[in-house]
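Enquirer: Next input, structure requested:
(2 chains)
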Amino acid sequence: GEDVEQSLFLSVREGDSSVINCTYTDSSSTYLYWYKQEPGAGLQLLTYIFSNMDMKQDQRLTVLLNKKDKHLSLRIADTQTGDSAIYFCATGFQKLVFGTGTRLLVSP
Amino acid sequence: GAVVSQHPSRVICKSGTSVKIECRSLDFQATTMFWYRQFPKQSLMLMATSNEGSKATYEQGVEKDKFLINHASLTLSTLTVTSAHPEDSSFYICSARDPTTDSPLHFGNGTRLTVT
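Expert: Just a heads-up that it's a prediction; the model follows:
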């Protein structure tokens, strides 16, 4: 089945950029998503990209998609302490396969 | 604002009792909704696909008699955890998308179930 991998942990200083990486195996994925989960909370959709796109920018967020390498990344510019959370990438159309999640820790 | 509403957000129940979790689509009709489960410090795993007017489709390894799903209307799916045990304690979250648009999948805020 589909496999989605992420690094488990990322630590950055406030004001720096954060880059969270994700690799997947299913090349037929239509949508690729990034979700944010704060402790004890549900999933917040941050952004998503269609599989026919290479890049999408939305304010501080930039998503890059390399279909050849099956690699997805999320860049958060000017990272703030409020960005500390777990970030999940997911692939699929309706039945999503989630990555393992990357815990982002932003220190002052 | 939220497009998928889930209730309750937290529930504590005793072993052997049943718990019902509701998932509603707001402002759109969802013929299909999805139920996920998240164990502590782990990722989300799809449990089942809820189909309006027909039986749910369960993923491999998910007990359909334990996790009853009912999708009686185009805006409401319910997940009932029957005869709950402590190992059923988890975070349950539903999702849906508006099939009439290219909108992405949205998730409810989840329900944290604790079985004592």
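
Enquirer: okay, CA-based contacts and neighbour counts for the rest of this
Expert: OK.

Enquirer: mind checking which helix or strand of chain B has the lowest mean pLDDT?
Expert: strand B:106-107 (a mean of 86; mean pLDDT, DSSP states H and E).

Enquirer: name the helices or strands packed onto that strand?
Expert: Secondary-structure packing of strand B:106-107 (3 or more CA pairs under 8 Å, 6 or more residues apart in numbering or on different chains; DSSP states H and E): strand A:43-50, strand B:90-96.

Enquirer: Just the C-alphas of the first one, formatted as PDB.
Expert: As requested, C-alpha coordinates have been extracted for strand A:43-50 and formatted as PDB (Å, rounded to 0.1, in the frame of the first residue of the first chain):
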ATOM      1  CA  LEU A  43      -6.400  18.600  12.400                       C
ATOM      2  CA  GLN A  44      -6.100  22.000  10.800                       C
ATOM      3  CA  LEU A  45      -5.800  22.100   7.000                       C
ATOM      4  CA  LEU A  46      -2.800  24.400   6.300                       C
ATOM      5  CA  THR A  47      -2.600  24.000   2.500                       C
ATOM      6  CA  TYR A  48      -2.800  21.500  -0.300                       C
ATOM      7  CA  ILE A  49      -1.400  21.100  -3.800                       C
ATOM      8  CA  PHE A  50      -2.800  19.400  -6.800                       C
END
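
Enquirer: what pairs with it, and is each one parallel or antiparallel?
Expert: Using DSSP bridges, strand A:43-50 pairs in its sheet with strand A:31-37 (antiparallel).

Enquirer: Just the C-alpha atoms of the strand it pairs with, please, in PDB.
Expert: Extracted in PDB, the C-alpha atoms of strand A:31-37 (Å, rounded to 0.1, in the frame of the first residue of the first chain):
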ATOM      1  CA  TYR A  31      -4.000  15.900  -3.800                       C
ATOM      2  CA  LEU A  32      -1.200  16.300  -1.400                       C
ATOM      3  CA  TYR A  33      -2.000  18.000   1.900                       C
ATOM      4  CA  TRP A  34      -0.300  19.600   4.900                       C
ATOM      5  CA  TYR A  35      -2.200  19.500   8.200                       C
ATOM      6  CA  LYS A  36      -1.200  21.000  11.500                       C
ATOM      7  CA  GLN A  37      -2.100  19.500  14.800                       C
END
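
Enquirer: what residues does that strand touch?
Expert: Residues from elsewhere that reach strand A:31-37 (CA atoms under 8 Å, 6 or more residues apart in numbering or on different chains): A:43-51, A:74, A:85-93, B:104.

Enquirer: try it again with 7 Å
Expert: With CA atoms under 7 Å, 6 or more residues apart in numbering or on different chains as the test, strand A:31-37 has contacts from A:43-51, A:85-93.

Enquirer: before we move on, back to that, and the helices and strands packed on strand B:106-107: which comes nearest residue A:58?
Expert: strand A:43-50 (7.7 Å; CA to CA).

Enquirer: what pLDDT, on average, does the next helix or strand after that closest one get?
Expert: Helices and strands here follow DSSP states H and E; after strand A:43-50, the next one along the chain is strand A:55-58. For strand A:55-58, mean pLDDT rounds to 95.
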